[in-house]
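K.L.:
Quick one, fold the following:
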Amino acid sequence: MVPFIIGDGQTVLGFRLVGVEGRVASGRDDALAALNEALDNREIGLIVIPERLAAEIRDEIDARLADAGFPLILEVADAAGPMPGRPGIEDIVRKAVGVSL
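P.N.:
Coordinates of the predicted model:
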């Protein structure tokens, strides 16, 4: 299984430098098309998407996570930093497994 990045040009370029393929998306329509492309590819096991871009297609991401849960969709902070009000990785791990880092 391979990872796939959906994001702005700089984010996608950064991931490509370490061998991760991806697609540049600048808005809702681009992000949704990239998400569907990634979901159609059976080789992709992880989709990485910046939080702000994921927020634009929140309904589709949430529906996908509730429906199948695979591939895994990982939301990450972009160059502007984490979105206010979003839980950090420590909070997510604590909620998921009950262990504090």
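
K.L.:
got any ranges where the chain has weak pLDDT?
P.N.:
The model of the chain has pLDDT under 70 over residues 66, 68-69, 86-89, 91-93, 95-96, 99-101.

K.L.:
Show me the helices in this protein, by range?
P.N.:
9-16, 28-40, 51-56, 58-67, 89-97 (DSSP state H).

K.L.:
And the second one, what does it pack against?
P.N.:
With contacts defined as 3 or more Cβ pairs under 8 Å, 6 or more residues apart in numbering; DSSP states H and E, the packing partners of helix 28-40 are strand 2-7, strand 21-24, strand 44-50, helix 51-56, helix 58-67. The C-beta positions use only the backbone N, C-alpha and C, and glycine is treated the same way.

K.L.:
ok so, going back, so which of the helices of the chain is nearest Gly81?
P.N.:
helix 51-56 (9.6 Å; Cβ to Cβ).

K.L.:
Only alpha carbons, please: show that closest one as CSV.
P.N.:
The C-alpha coordinates for helix 51-56 follow below in CSV (Å, rounded to 0.1, in the frame of the first residue of the first chain):
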residue,chain,number,x,y,z
GLU,A,51,-6.7,20.3,7.5
ARG,A,52,-7.8,23.5,5.8
LEU,A,53,-8.3,21.7,2.5
ALA,A,54,-10.0,18.8,4.3
ALA,A,55,-12.4,21.3,5.9
GLU,A,56,-13.6,22.2,2.4
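
K.L.:
ok, now how distant is the most centrally placed residue in the chain from Gly22?
P.N.:
With distances taken as Cα atoms, centre = their mean, the residue of the chain nearest its centroid is Ile49 (2.6 Å). Counting by Cβ to Cβ, to the nearest Å, the gap from Ile49 to Gly22 is 9 Å.

K.L.:
Need the overlap of contacts for those two.
P.N.:
Ile5, Ile6, Gly7 (Cβ atoms under 8 Å, 6 or more residues apart in numbering).

K.L.:
ok, the second one - contacts?
P.N.:
Going back to what we said before, that points to Ile6. The contact partners of Ile6, taken as Cβ under 8 Å, 6+ apart, are Val12, Gly22, Arg23, Ala25, Ala31, Ala34, Leu35, Ala38, Ile47, Val48, Ile49, Leu53.
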